[in-house]
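**Student:** Requesting a structural model of the entry that follows:
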Amino acid sequence: MLNLILNFVNACRASDLRVSTAEVIDCARHLEMVDVLDEAQFRSALRANFAKSRREQTEFDRLYGLFFHDMRPDVELDADCDPENTDKADMRHTIGQMRQEAGDDEITQAIMDFLAGDPIPYLRQIHRLETQTEESSQALKSNLSQLSSRLEVMLRINRTRNRLLQLMPDPISGGAPGRNRGMAGLLMERLETANRMLTQETRPNNDALKQVNAYEKKTLGIGERPFSNLTETEIIKMRSVIDQLVRKMKDIMSRRYAVRNRGALDVKKTLRAAQRYQGVPIEIVFRQRPLRKTRVVTLCDVSGSVWSAARFMLNMIYSMQDCFSDVKSFAFVAGPTNITDIFEKHDVNQAIEKVITDADINFNTHTDYGEMLTQFHRDHLNLLTQKTTLIIVGDARTNYQNPCEHLLDDMRARCRRVIWLNPEPEQFWGTGDSEMNTYKAYCHEVRPCRNLNQLANFIEDIVF
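**Tutor:** Predicted coordinates:
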């Protein structure tokens with residue numbers, strides 16, 4: 001039993017599900033207290049120790065089903081078998097022969113291990129594909145690297161399937177998987193499982209996602225006009241309304257600091273201070289809890305497709321400097337550019353103008369969120385702490401490049417929360433080259449933000 005649990009732990013670690021040695025020891029102790037023949041109790045004991053959050057439960061369920069059901073650990077092809085079991089001996093001989101034919105091919109050897117009941121090498125291959133980064137090229141950049149790697153594995157699986165049909169002593173009638181009997185059927189079932197793992201999407205469970213759809217229509221008319229449809233006159237009027245929102249946000253924050261000495265009565269300190277007055281509480285002492293100094297990091301897409309909304313978002317980002325203890329601002333089309341100094345040294349209109357003209361932003365390149373996340377993760381990951389709120393503003397249209405969503409997952413683990421503001425209507429999310437449905441699985445909150453009313457609601461929510 002212990003070896004079985006350790007093999008399952010290795011499979012979890014190969015899929016980047018973190019399991020510590022202490023958790024394995026605790027799990028072994030818990031299994032002594034339950035009936036391991038009752039799968040519900042057995043699975044619950046493993047799940048309680050190895051899945052520490054709701055996001056990890058989906059990955060645990062997938063690995064549990066693979067290891068204990070699809071792989072059937074009770075059947076070991078590489079172990080010593082009964083000489084009278086000729087079917088099993090034939091399958092061992094078939095896998096051994098295919099191993100020799102594969103030579104040093106790492107992918108095929110991983111598939112052979114999967115067929116023999118060891119999924120760990122193949123899980124490592126799948127994890128490598130999911131975290132594979134694209135090689136930068138000055139002449140041509142595409143998302144074909146990861147796709148070609150997946151196709152390469154798929155070709156190895158198809159080649160293995162054809163070779164199995166040739167080597168099995170009792171080939172499947174018609175060549176259709178699912179009609180196997182005995183060990184031959186087990187091999188084909190495992191091969192189909194490997195193929196399914198290669199093609200399925202593995203997104204984490206994000207039931208706690210806050211997706212804001214409704215909002216209060218505070219300003220009629222201009223408040224409901226999309227940013228992209230505003231005329232020059234309406235833009236001037238919109239800026240004045242945004243200035244009022246900014247002043248309101250600053251007033252709210254200043255009132256918070258003004259009343260910071262009020263709150264719950266501190267009985268101990270009040271009685272201690274009353275000793276000078278023969279126990280009469282003349283001075284009332286309140287519990288002084290310092291305000292949480294929220295840090296904010298913003299990533300704003302300033303490409304042509306969202307520029308009509310981005311200039312208003314930059315105005316909002318500029319105003320946040322006076323409301324929070326630390327605000328770091330980045331603008332991007334492909335790679336992120338730090339514009340914090342520009343915002344700190346100039347007023348809002350000059351700062352936005354300098355972002356367009358002076359900042360080191362290549363406006364002629366195609367939008368690439370994957371490249372932005374890669375560079376930010378490499379160069380600025382130290383900015384993200386448990387006190388940081390990460391705000392991403394953009395339409396999540398990657399021009400069919402690699403979205404690199406696993407980097408956003410790592411950034412989320414370091415942040416207090418991740419908020420994504422999308423200037424596109426929600427019905428367009430996930431269409432064409434939009435990866436919004438992919439990215440929102442790694443956010444705490446997503447909301448459309450394409451007009452003044454939606455922007456005002458967000459400003460009030462983030463302040464309160």
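**Student:** Tell me if I'm right that residue 239 and residue 315 touch.
**Tutor:** Yes - in this structure, residue 239 is within contact of residue 315 by Cβ atoms under 8 Å, at 7.2 Å. To be clear about C-beta, it is placed using only N, CA and C from the backbone, and glycine gets the same treatment.
**Student:** Which one of the two is surrounded by more residues?
**Tutor:** Between residue 239 and residue 315, counting by other Cβ atoms under 10 Å, residue 315 is the more crowded of the two (20 against 15).
**Student:** mind listing the strands for the stretch 151-300 of the chain?
**Tutor:** 210-211, 295-301 (DSSP state E, counting those that start in this stretch).
**Student:** Export these to TSV and append columns for mean pLDDT, mean neighbour count and distance to residue 24.
**Tutor:** Below are these laid out as TSV (pLDDT from 0 to 100; neighbours: other Cβ atoms under 10 Å; distance: least, Cβ to Cβ, whole Å):
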stretch	mean pLDDT	mean neighbour count	distance to residue 24
strand 210-211	82	12	35
strand 295-301	91	23	36
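**Student:** In JSON lines: these, plus distance to residue 376.
**Tutor:** Output for the strands of the stretch 151-300 of the chain, formatted as JSON lines (distance: least, Cβ to Cβ, whole Å):
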{"stretch": "strand 210-211", "distance to residue 376": "23"}
{"stretch": "strand 295-301", "distance to residue 376": "7"}
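**Student:** mind showing which ranges of the stretch 301-450 of the chain have poor pLDDT?
**Tutor:** 322 (pLDDT under 70).
**Student:** ranges for the strands of it?
**Tutor:** With DSSP E, counting those that start in this stretch as the criterion, the stretch 301-450 of the chain has strands spanning 326-332, 336-338, 388-393, 417-422, 445-448.
**Student:** about what we covered before: which one of the strands of the stretch 151-300 of the chain lies closest to residue 395?
**Tutor:** strand 295-301 (6.8 Å; Cβ to Cβ).
**Student:** So what touches that closest one?
**Tutor:** Defining contact as Cβ atoms under 8 Å, 6 or more residues apart in numbering, one finds that strand 295-301 is touched by 310, 313-314, 317, 320, 324-333, 336, 367, 369, 372, 376, 380, 383-385, 387-395.
**Student:** again, but for stretch 147-165
**Tutor:** Contacts for stretch 147-165 (Cβ under 8 Å, 6+ apart): 94, 98, 101, 105, 107-108, 111-112, 115, 125, 129, 132, 171-172, 175, 177, 187-188, 191, 194-195, 198-199.
**Student:** Confirm for me that residue 187 is in contact with residue 91.
**Tutor:** Yes - applying Cβ under 8 Å as the test, residue 187 and residue 91 come out as touching, 6.2 Å apart.
**Student:** for the residue of the chain positioned farthest from its centre, what are its contacts?
**Tutor:** Of all residues in the chain, residue 278 has its C-alpha farthest from the mean position, at 60.8 Å, by Cα atoms, centre = their mean. By Cβ under 8 Å, 6+ apart, no residues touch residue 278.
**Student:** buried stuff in stretch 339-353?
**Tutor:** Residues of stretch 339-353 classed as buried: 339-340, 342-343, 348, 351-352 (neighbour count, 16 or more other Cβ atoms under 10 Å).
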